[in-house]
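Asks: Provided below are the primary sequence and the corresponding predicted coordinates.
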Amino acid sequence: MGKILTIVALSLFVTATIPTSAVAGPKKGQKLFKKKFRKKCGFSGVRFARNHTQAEWEEIYDNGKFPEEAKKICPRLKLKKIKSSWWEDVYEFSEKYAKDGMVPKC
């Protein structure tokens with residue numbers, strides 16, 4: 001009986017945490033853009049994200065070219081000051097709000 005309760009509790013925990021982790025990337029990416037990119041870019045994160053479609057962002061990220069593309073869009077961005085762990089979240093934000101992605105709430 002104890003094993004069944006443990007399994008049920010564990011599965012409820014996993015189910016409850018999956019949706020939040022799926023949303024954390026784009027939200028965290030948006031916060032990172034605001035704090036670390038916006039001043040150097042001179043425009044909002046949504047304007048940054050709208051440079052490509054979701055498929056284009058995915059291809060750029062999968063090819064390992066996301067930092068270089070960010071530098072093209074924001075020439076004053078200092079890539080050495082951006083932690084490698086941040087790129088995935090900024091990518092997820094960019095992919096979510098791409099040209100063909102979600103429309104941000106205003």
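Replies: Alright, I've got the coordinates.

Asks: Any stretches of this structure with poor pLDDT?
Replies: Applying pLDDT under 70 to the chain flags residues 5, 8-23, 105-106.

Asks: Now do the strands in it.
Replies: Using DSSP state E, the strands of the chain do not appear at all; there are none.

Asks: ok, now which ones touch the closest residue to K36 other than its chain neighbours?
Replies: Nearest residue to K36, sequence neighbours excluded (CB to CB, 6 or more residues apart in numbering): I82, at 6.4 Å. C-beta here means a position set from N, CA and C on the backbone, and glycine is covered the same way. I82 makes contact with K36, F37, P67, A70 under the criterion CB atoms under 8 Å, 6 or more residues apart in numbering.

Asks: residue contacts, the second one?
Replies: If I follow you right, that is F37. For F37, the residues meeting the contact criterion (CB under 8 Å, 6+ apart) are G45, F48, A70, C74, L77, I82, V90.

Asks: for the third one, same thing?
Replies: Taking CB under 8 Å, 6+ apart as the criterion, P67 is in contact with L79, I82, W87.

Asks: And it, how close does it get to Y61?
Replies: 10 Å (CB to CB, to the nearest Å).

Asks: now the farthest one out in this protein, which residue is it?
Replies: Most distant from the centre of the chain: M1, at 41.8 Å, with distances by CA atoms, centre = their mean.
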